[in-house]
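Colleague: this one's sequence-less:
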Ligand SMILES: CC(C)(COP(=O)(O)OP(=O)(O)OC[C@H]1O[C@@H](n2cnc3c(N)ncnc32)[C@H](O)[C@@H]1OP(=O)(O)O)[C@@H](O)C(=O)NCCC(=O)NCCS
């Protein structure tokens, strides 16, 4: 119990900043199933973070950035574009925490729906989304390259 309290205390979710750019690229580059963007794309989305229509959060563990989530608003819905936790920090609940904090923000902004695409074979991510009650609502045939694979479209509706 005491050990759990200490561990939880060291986890923090905050807005991503331009200074996080290198770390985000690094985390994504070690996560083959994450969306791979170049530095310029990260810079653009981090710079736009304070504007409406984009949410980028990072999770820190013991002061180190170990994961992130990026989403954009598409009309009245939100699309999760990328989420990744560095390999050594996985299965500790950080993805769950990131997604939960993101959903809180979206709810506060009054949106009702979040959607995303995920590789069919990405069982870890699908389990994470399943934990938050995302439901499969569609399939995009051969959506991904290297390797070619279908995307499942998942949706979350706020009650
Ligand atoms: C998907 C990802 C972000 C999950 O992050 P995480 O911090 O490990 O997630 P959590 O520890 O909160 O796990 C949440 C749930 O997901 C499931 N899960 C996570 N990793 C899993 C794995 N390797 N196998 C099976 N289920 C897994 C479990 O149900 C877990 O809950 P539990 O530990 O209570 O059983 C992480 O695996 C990752 O960065 N993957 C590479 C990038 C990626 O594929 N992103 C998704 C793009 S759509």
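Modeller: Arrived safely, thanks for sending. Just so we're clear, the structure is a prediction, and the values are computed from it rather than from any experiment. Residues are numbered from 1 along each chain as shown.

Colleague: does residue 139 count as helix, strand or coil?
Modeller: Of the three states, residue 139 takes strand according to DSSP: H, G, I helix; E, B strand; the rest coil.

Colleague: Need the pLDDT of residue 69.
Modeller: Listed pLDDT for residue 69 reads 97.

Colleague: Could you give the number of residues near it?
Modeller: 23 (other CB atoms under 10 Å). Where C-beta positions appear, they are placed from N, C-alpha and C, glycine not excepted.

Colleague: Please report phi then psi for whichever residue of the chain sits closest to the ligand.
Modeller: For the chain, the residue closest to the ligand is residue 95, as judged by CB to the nearest ligand atom, at 2.5 Å. Backbone geometry at residue 95, expressed as degrees, to the nearest 10, gives phi -60, psi -40.

Colleague: same thing with residue 33?
Modeller: According to degrees, to the nearest 10, residue 33 has phi -90, psi 0.

Colleague: Could you double-check that it sits in contact with residue 123?
Modeller: No: counting by CB atoms under 8 Å, residue 33 stays clear of residue 123, with 10.0 Å between them.

Colleague: Between those two, point out the one with more neighbours.
Modeller: residue 33 (15 against 12).

Colleague: Tell me how far the nearest residue to that one once chain neighbours are set aside lies from residue 18.
Modeller: Counting by CB to CB, 6 or more residues apart in numbering, the nearest residue to residue 33 once its immediate chain neighbours are dropped is residue 122, at 4.9 Å. Separation of residue 122 from residue 18 (CB to CB, to the nearest Å): 29 Å.
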